[in-house]
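Asks: From the sequence below, what's the structure:
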Amino acid sequence: MTNGEWVDIDLQGRSRFPHAFIGPMAAAIRRYEDENDIPSTDVENSLKTMAVIEAACKSSTTNMTPIDYN
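Replies: Prediction:
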């Protein structure tokens with residue numbers, strides 16, 4: 001335990017940014033090269049994910065809730 005003291009951690013060479021950046025950048029490049037390519041980070045997919053999350057939250061406070069993708 002640190003007893004509330006600030007602790008410096010050496011993270012040199014352990015940056016997660018390059019790994020988090022590769023997927024979205026590759027998707028953007030694929031989309032640029034092919035207008036018909038639908039990236040995995042597409043907004044429509046994100047909206048469906050949010051619908052699932054909302055249904056899960058509602059379901060946790062009520063009895064089962066169907067997922068409405070519209």
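
Asks: quick one: the strands in this structure?
Replies: For the chain, strands defined by DSSP state E do not occur.

Asks: Give the residue spans of it that score low on pLDDT.
Replies: 1, 11-17, 19, 65-67 (pLDDT under 70).

Asks: pull the longest helix from it.
Replies: helix 43-61 (DSSP state H).

Asks: buried sites along it?
Replies: residue 55 (16 or more other CB atoms under 10 Å). Placement of C-beta: from N, CA and C, glycine included.

Asks: Pull out the CA atoms of that helix and give them to me as CSV.
Replies: The C-alpha trace of helix 43-61 is given here as CSV (Å, rounded to 0.1, in the frame of the first residue of the first chain):
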residue,chain,number,x,y,z
VAL,A,43,-21.6,4.3,-36.1
GLU,A,44,-24.5,1.9,-36.9
ASN,A,45,-22.6,-0.9,-35.1
SER,A,46,-22.0,1.4,-32.1
LEU,A,47,-25.7,2.4,-31.9
LYS,A,48,-26.6,-1.3,-31.8
THR,A,49,-24.1,-1.9,-29.0
MET,A,50,-25.6,1.0,-27.1
ALA,A,51,-29.1,-0.6,-27.6
VAL,A,52,-27.8,-3.8,-26.0
ILE,A,53,-26.2,-1.9,-23.1
GLU,A,54,-29.5,0.0,-22.5
ALA,A,55,-31.5,-3.2,-22.6
ALA,A,56,-29.1,-4.9,-20.1
CYS,A,57,-29.4,-1.9,-17.7
LYS,A,58,-33.2,-1.9,-17.9
SER,A,59,-33.2,-5.7,-17.5
SER,A,60,-31.2,-5.5,-14.4
THR,A,61,-33.8,-3.3,-12.7
